[in-house]
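Trainee: With the input below, show me the fold.
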Amino acid sequence: MQETRLRIIEMLRIRGGQTVQDLARGLRLTRTAVTSHLAVLQTRGLVARSGLRPGSRRPSVVYVATPATEAVFPKSYEEFAGSVLAELEREGTGRLDAVLRRIGDRWIARDLPRLEGLTGRTRMERVMEILTERGFLPRLERSRGGTRLYEHNCPVMRLAAAHPQVCDTVHRWLEALFGRSMQREQCLRKGDPYSVYTIRSAS
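Mentor: Have a look, this model is predicted:
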């Protein structure tokens, strides 16, 4: 993000509601420059108007940071999750496997309702929507030999690199979504350029 806009967001989160004048003074910018940056941030859903503040001449609009700004700042979720998995594995592989199975069950329970009543190509298209939303950068390739799923990104790559069982959790989730048995032929975790699954035909 552009540095000045990030500083505006930081000010709004630290100090709460601010007017254009407040921001201009704090950032040593002109009111025109601040107004321009605020317009961009509002368009992106990162800043919103939140009432008026009385002034000597006329009220000033107060701006606040929206909840969407959470995504702007660094997070350590992945590192924390990796530490949790490592501790579970130290307690025994069986403990980690059981936890990952329950996580997989929750993923399946979360996403299967979106596929209710869908079959064939319609179901596959909906599954691809879900995978795209989850950040897998998926692509389907159909040929005489069947259908292959390509994943050009793995949102849990760092976790899977340290704990291969995570890949198995993803694999089971995919099979539940497609409603088909799938064979993994390539895997990003193993250094392949993308993961590839062959989706077996319905028997």
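Trainee: Can you name the element that comes right after the longest helix along the chain?
Mentor: Using DSSP state H, we find that the single longest helix of the chain is helix 93-111. Downstream of helix 93-111, the next assigned helix or strand under DSSP states H and E is helix 120-133.
Trainee: pLDDT on that following helix, on average?
Mentor: Per-residue pLDDT values across helix 120-133 average out to 95.
Trainee: which element follows that helix toward the C-terminus?
Mentor: Assigned by DSSP H and E, the successor of helix 120-133 is strand 138-143.
Trainee: Could you write out the alpha-carbon coordinates of that next one in PDB?
Mentor: Output in PDB follows, covering the C-alpha atoms of strand 138-143 (Å, rounded to 0.1, in the frame of the first residue of the first chain):
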ATOM      1  CA  PRO A 138      -7.200 -23.700  -9.300                       C
ATOM      2  CA  ARG A 139      -7.600 -24.700 -12.900                       C
ATOM      3  CA  LEU A 140      -9.400 -27.700 -14.400                       C
ATOM      4  CA  GLU A 141      -8.200 -29.500 -17.500                       C
ATOM      5  CA  ARG A 142     -10.500 -32.000 -19.200                       C
ATOM      6  CA  SER A 143      -9.200 -34.600 -21.600                       C
END
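Trainee: quick one: the helices in this structure?
Mentor: 3-15, 20-27, 31-43, 77-90, 93-111, 120-133, 157-162, 165-178.
Trainee: any chance of these in a markdown table, with distance to Arg58 and mean neighbour count too?
Mentor: Every residue, glycine included, has its C-beta placed from N, CA and C. Conversion of these to a markdown table gives the following (distance: least, Cβ to Cβ, whole Å; neighbours: other Cβ atoms under 10 Å):
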| stretch | distance to Arg58 | mean neighbour count |
| --- | --- | --- |
| helix 3-15 | 22 | 16 |
| helix 20-27 | 12 | 17 |
| helix 31-43 | 14 | 16 |
| helix 77-90 | 44 | 13 |
| helix 93-111 | 50 | 14 |
| helix 120-133 | 45 | 15 |
| helix 157-162 | 53 | 17 |
| helix 165-178 | 56 | 20 |
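Trainee: export the ones you listed to a markdown table and tack on distance to Arg148?
Mentor: Shown next, in a markdown table, are the helices of the chain (distance: least, Cβ to Cβ, whole Å):
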| stretch | distance to Arg148 |
| --- | --- |
| helix 3-15 | 41 |
| helix 20-27 | 52 |
| helix 31-43 | 39 |
| helix 77-90 | 28 |
| helix 93-111 | 21 |
| helix 120-133 | 12 |
| helix 157-162 | 20 |
| helix 165-178 | 12 |
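Trainee: ok, and the closest non-adjacent residue to Ala176?
Mentor: Ile108 (4.5 Å; Cβ to Cβ, 6 or more residues apart in numbering).
Trainee: hang on, isn't the one you found packed against Trp173?
Mentor: Yes. With contact defined as Cβ atoms under 8 Å, Ile108 reaches Trp173; the gap is 5.9 Å.
Trainee: tell me the domain boundaries of the chain?
Mentor: 3-72, 77-199 (automatic domain parsing).
Trainee: Could you check how far the last one is from the centre of its chain?
Mentor: Same thing as domain 77-199. 14 Å (Cα atoms, centre = their mean, to the nearest Å).
Trainee: Much appreciated, bye for now.
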